[in-house]
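[1] Here's a sequence, model it:
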Amino acid sequence: MKKMILAAALGLLTFLSPFAGQAQSIRVDGSSFKDPEGRTLMLRGVNLGGTSRVPAVTSSDPRAVSYVGRPFPLEVADEHFSRLKSWGLTVERLIVPWEAIEHAGPGQYDQAYLDYLYAVISRARDHGIKVYIDPHADYWSRAFGGNGAPYWTLEAIGLGIDQTAESGVERSENNPANNVWPPSGGRHGIETMWTLFWAGNDFAPRLKVDRVPVQEYLQSHFINAIAQVALRLRGLDNVIGYDLWNEPMQGYLGVSDLRSPELLMLLLGKLRAPNAPAPTYWDYMQAASGYEPGEGSLVKVVPMWSAKHKDLWRKYGVWDVVDGKPVLKRPDYFATVKGKPADFNAYLKAFQLRYIKAIREIAPTALFMQELNIVGGPTRTKDMELGLPGIINEPHFYDAKILATKLYTPDITTDFMGNTYTGRNAIMAFYAKSLQGFQAESKALGGIPTLFGEAGLRFDLNNDEAFKTGDFRAQEAHARILFDALDQTLASYTIWNYSADNTNARGDLWNTEDFSIYSLSQRTHTEDINSGGRALHQIVRPYPMATAGTPVALSFDTKRRIFDYRFRADPGVKAETEIFVPRLQYPNGFKVSVHGGSFRADPAQSRVMITGAAGEVTVVIKPH
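    Residues are numbered from 1 along each chain as shown. Next up, the predicted model:
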């Protein structure tokens, strides 16, 4: 309680701060992003970075780790920000895990890390780069093979640590994470922690930590940790906002029958091996208490409860041991609350509103990126309109087949429903329809803007073939379709990801992933700022950074390097339309034609400025 009172007091003090009312450089106007001049903004950037999900300094004692130096050491920050600026990627989703802030123990904040964040974001500001803070979490904690929450959060309820699931392992074909991830014991730990975080008051009403109900204990610590970040970053006008929660999932909440397949594993399993049996929630629950699941289950026994504790859900009568065997007694325990269906959206929305209120006491003009239940299907948007200013819908988009299998077959892919798309045009249409579906969700959330917080491609395709041969044509072919679809839908996005210390051998240091658009292994010419980039001729594109009007259509032919953009001019906006024109695409210069206005080129700044625009304007840029 003292910690919660302290956080509230710190928030109150911010109203006396000279920065409390600072103007926002990016604002929400209906479904658009606008700048102070009223221009419509298209945001392009990256996630910094993939390796920020694991500590820069590891330790056998998880309380003694350090994230100082993630996403990169301060002394090389200018190099990386200069590169990103030259690529036109100027709005970054900065990965800031909860563990990075509060790893030492409840209420013990890493001031060195907070100071480092301030310093690195100050360097970004020097390069004209904006950031928003993503308190990133995948599968709760590194203790379960994921990332995000400190280890003490699970120790507080009696969960042990599955050391075999420790993330940060080097990429290896022998790593079981390539096939079934997260591992068996960790999966139950993840489901349990999610359930307690969102809905512990209803499903574990007697469970308290330090005399505080478990849901309040977890949520207040998380929010207070991010409040510490907001307090430290006050005055940095390039901090535009905060992510609410990365890819939220509901845990056991709302599961009608624990004998049913675990949903995410079922979806991924369909793509990896359509006929393979999917593990059930009950399989994971048994394995985490040391019992072999039923015959034919792929789940292995990995005990997760510490010696002094037994499974929390056994205490609540969900299951018990009868004649030495586990027996599921209440398979529908998590399906209802007070006689009504358990609604994850209601819990998620309540948390999001609480979080926004706390951070806006410190950063009143902050934008907030709202993410929905990633496996919610058609119910994702149900009652999720927050009804507050400055809210942005932040979906993520990947080709799920490639994501799950690391396999790429030219001109063919499959969706979660088993539908197959053959040929570039069919895949392009599938991608565009999917992206437009997310944009339609933004309308259901109150007509707010859409920012694709993650959109990316694997570089470790087809058994790491490109790393062995240096031939990245498969990745480039995939990138061409993906980024063409993003252009077609006039999308704003931050690419997943840019890892400054990526190598072919280590990847992004987590879950054997390698999505980084930059790698030290490809950096062969240190004097060339583009050296180290992957698939750059598909990723680094011209785009309208700020439009004095409404965007209508956008395309970029990466083979002929022809940029074509149409917009409807707004006579009430006096500022110029600003188009980013990367030197990488036009090393020998470019020529511009404009119908409906005039232009001036500024090659030194990689810009074309459109002036005197009226009606519908067409801009075409070609190489000399």
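[2] I'd assumed Gly158 was in contact with His309.
    Yes: between His309 and Gly158 there is a contact under C-beta atoms under 8 Å: 3.0 Å. Just so you know, the C-beta spots here come from the backbone N, C-alpha and C atoms, and that holds for glycine as well.
[3] The two: which has the busier surroundings?
    More crowded of His309 and Gly158, by other C-beta atoms under 10 Å: Gly158, with 18 against 13.
[4] so after the helix or strand of the chain with the lowest mean pLDDT, what's the next helix or strand?
    Taking mean pLDDT, DSSP states H and E as the measure, helix 2-13 is the helix or strand of the chain with the lowest mean score, a mean of 38. Note on helix 2-13: by DSSP states H and E, the next helix or strand toward the C-terminus is strand 27-29.
[5] who's in contact with that next one?
    Phe33, Lys34, Asp35, Pro36, Leu367, Pro389, Gly390, Ile391, Ile392, Ile448, Pro449 (C-beta atoms under 8 Å, 6 or more residues apart in numbering).
[6] same check, this time on stretch 151-164
    Under the criterion C-beta under 8 Å, 6+ apart, external residues in contact with stretch 151-164 comprise 62-63, 99, 103, 105-106, 140-145, 183, 185-186, 189, 192-193, 196, 207, 209, 214, 217-218, 221, 302-306, 308-309, 312.
[7] Mind checking which of these are in helices?
    When those are checked against helices using DSSP state H, the ones located there are Glu99, Gly185, Gly186, Gly189, Thr192, Met193, Leu196, Val214, Tyr217, Leu218, His221, Leu312.
[8] Could you work out the most separated pair of the residues you listed?
    Using C-beta to C-beta, the pair of these lying farthest apart is Gly185 and His221, separated by 23.9 Å.
[9] which of those two has more neighbours?
    Here Gly185 and His221 are compared on neighbour count by other C-beta under 10 Å; more neighbours surround Gly185, at 28 against 24.
[10] just for the stretch 301-450 of the chain, where's the confidence low?
    Applying pLDDT under 70 to the predicted model, the stretch 301-450 of the chain contains no residue that meets it.
[11] which stretches of it form helices?
    Secondary structure of the stretch 301-450 of the chain, counting by DSSP state H, counting those that start in this stretch: helices at 312-315, 344-360, 400-405, 424-444.
[12] Could you dump the ones you listed into JSON lines with distance to Arg70 added?
    What follows is the helices of the stretch 301-450 of the chain, written out as JSON lines (distance: least, C-beta to C-beta, whole Å):
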{"stretch": "helix 312-315", "distance to Arg70": "33"}
{"stretch": "helix 344-360", "distance to Arg70": "21"}
{"stretch": "helix 400-405", "distance to Arg70": "23"}
{"stretch": "helix 424-444", "distance to Arg70": "29"}
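[13] among those helices, which is nearest Asp411?
    helix 424-444 (5.6 Å).
[14] Just the residues contacting the closest one, thanks.
    31, 372, 380-381, 385, 393, 395, 397, 399, 411-413, 415, 421, 448-450, 452, 481-482, 484-486, 488-489, 491.
[15] filter these to the buried ones?
    Neighbour counting with 16 or more other C-beta atoms under 10 Å marks 372, 380-381, 393, 395, 397, 399, 413, 421, 448-450, 452, 481-482, 484-486, 488-489, 491 as buried within the contacts of helix 424-444.
[16] CA-only coordinates of stretch 272-290 in CSV, if you can.
    Only the C-alpha atoms of stretch 272-290 are listed here, as CSV (Å, rounded to 0.1, in the frame of the first residue of the first chain):
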residue,chain,number,x,y,z
ARG,A,272,3.3,-26.8,-38.4
ALA,A,273,1.8,-30.3,-38.5
PRO,A,274,-2.0,-30.2,-39.3
ASN,A,275,-2.6,-33.8,-38.2
ALA,A,276,-0.6,-33.7,-34.9
PRO,A,277,-2.5,-33.8,-31.6
ALA,A,278,-2.6,-30.5,-29.8
PRO,A,279,-1.8,-30.4,-26.1
THR,A,280,-4.6,-29.6,-23.7
TYR,A,281,-4.8,-27.2,-20.8
TRP,A,282,-5.2,-30.2,-18.5
ASP,A,283,-2.0,-31.8,-20.0
TYR,A,284,0.0,-28.8,-19.0
MET,A,285,-1.6,-28.6,-15.6
GLN,A,286,-0.7,-32.2,-14.7
ALA,A,287,2.8,-32.0,-16.1
ALA,A,288,3.6,-28.9,-14.0
SER,A,289,2.8,-30.9,-10.8
GLY,A,290,4.9,-33.9,-11.8
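[17] Below-threshold pLDDT in this protein: ranges please.
    Across the chain, the stretches falling below the confidence threshold (pLDDT under 70) are 1-23, 161-185, 269-270, 273.
[18] Against the centre of it, work out the most remote residue.
    For the chain, the largest distance from the centre (C-alpha atoms, centre = their mean) belongs to Asp323, which lies 45.9 Å off.
[19] Show me which residues of stretch 138-155 are buried.
    For stretch 138-155, the neighbour count (16+ other C-beta under 10 Å) marks 138-154 as buried.
[20] Cross these against strands and list the overlap.
    When DSSP state E is applied, the buried residues of stretch 138-155 are split such that none fall in strands.
[21] where do the strands sit along the stretch 401-550 of the chain?
    Using DSSP state E, counting those that start in this stretch, the strands assigned to the stretch 401-550 of the chain run over residues 412-414, 420-422, 451-455, 492-498, 543-547, 549-557.
[22] Hmm, I typed the wrong one, I wanted the stretch 251-400 of the chain.
    Taking DSSP E, counting those that start in this stretch as the criterion, the stretch 251-400 of the chain contains strands spanning 319-322, 325-328, 336-337, 340-341, 367-370, 391-393, 396-397.
[23] hey, which of those is tucked in deepest?
    Comparing the strands of the stretch 251-400 of the chain by mean neighbour count (mean count of other C-beta atoms under 10 Å), strand 391-393 ranks first with a mean of 25.
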